[in-house]
Every structure is written in C-alpha cells, then in structure tokens.
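Asks: Next input, structure requested:
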Amino acid sequence: MTRFLGTHKGKLDKKGRISVPADFRGALARTGDQDLVFFPSYKLPCIECWPASEFDAAADGHDGLALFSPDSDDLGGAIFAHAAELRPDAEGRVSLPERHIAMAGLTDALLFVGQRRRFQIWDAERGEAYLSGSVVSARDKGLTLAPVARRDPRP
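Replies: This next block holds a predicted model:
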C-alpha cells in the first residue's frame, strides 16, 4: 500500500505544470505504480491524487451502486467524469488539466498534503487553513486511529 506522508510546498507554473514532491514519488516507486489519477475533489477545494491501482480498488465500490441509478450517476459525474490519469515525467512533473486548476481554485503557491493512500493538492493558503481546522476538528471529535488486531508472528 502506498503511504503519502507529510506536507510539502510546491508551485504551479504558467503552463499548468506541477512537480510531485520527491517523497511522494519515492512512495510511488516503492509500489511500482507510476500512474496517478487526478480529479477535483467534490467535497473540498483541492485536487485528489491517487495511485492508479489504489484508485481502482477504491472505485470498485461504485460497482455496488445500481447501474443507472441517480447515486451511481451522481458519483460517476463527480469523480470519473473529471478524472485524468497522468504519469509524472523523469523530473516528477505533471501538467494538470486547466479544468482541475480552475475547479480547485489553485494559484501559483501550492500545498501537497499526504493522506496516506492518496494526496491532495491545495492552494497553499487554503491548504494551511484546512490543516489547522482539521487538527481542531479531529481533537474536538476525539478522533483517533483504531487499534488493529495483530497476528502473533510466533508459530
């Protein structure tokens, strides 16, 4: 499983190119998955970025919705219709679709936010505000990571 950790600053150039942070490229390299799926979040003002294999696994849940149902159509329109599969070049650069840039409200200063299986690309100012708010919200809700039962490695 890919692990995107940390927060990294970046820039959007005039041609709509970004450079995926080296730490995130390293996480991709460890899994052998070099293709990324990008789409504007329908919940937050950012771009969601998923390794293609992780995206496919998560998107399998869409198959559980009734074909042609309003829920299936809504989710498909919110995610798949705006998604683009891109592969960073040798320097880690990707050209974002103009539509993604506009929908996420990105400016030239960016913040890349690790979200474990995926990462997000935010306008730097809004991203910092989001992170500050998420810490407060998680604390106020008492959120924590649930313990996972570990198998005893002894025979």
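Asks: any low-confidence regions in the protein?
Replies: Where the chain drops to pLDDT under 70, the residues are 151-155.
Asks: 90 - rerun?
Replies: By pLDDT under 90, the weakly predicted segments of the chain are 1-2, 30-34, 58-69, 71, 75-76, 78, 146-155.
Asks: For it, just list every one of the helices.
Replies: Using DSSP state H, the helices of the chain run over 22-31, 52-59, 70-78, 98-104, 124-141.
Asks: quick one, which of these is nearest to Lys15?
Replies: Among those, helix 98-104 comes nearest to Lys15, with 10.3 Å by C-beta to C-beta. (C-beta placed from N, C-alpha, C; glycine too.)
Asks: what packs against that closest one?
Replies: Counting contacts by 3 or more C-beta pairs under 8 Å, 6 or more residues apart in numbering; DSSP states H and E, helix 98-104 is packed against strand 36-40, strand 46-51, strand 119-123.
Asks: How about residues contacting that helix?
Replies: 12, 16, 38-41, 45-47, 82, 84, 106, 121-123 (C-beta atoms under 8 Å, 6 or more residues apart in numbering).
Asks: ok so, going back, any chance of JSON lines for the helices and strands packed on helix 98-104, columns distance to Ala22 and mean neighbour count?
Replies: Shown next, in JSON lines, are the helices and strands packed on helix 98-104 (distance: least, C-beta to C-beta, whole Å; neighbours: other C-beta atoms under 10 Å):
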{"stretch": "strand 36-40", "distance to Ala22": "15", "mean neighbour count": "22"}
{"stretch": "strand 46-51", "distance to Ala22": "15", "mean neighbour count": "24"}
{"stretch": "strand 119-123", "distance to Ala22": "13", "mean neighbour count": "24"}
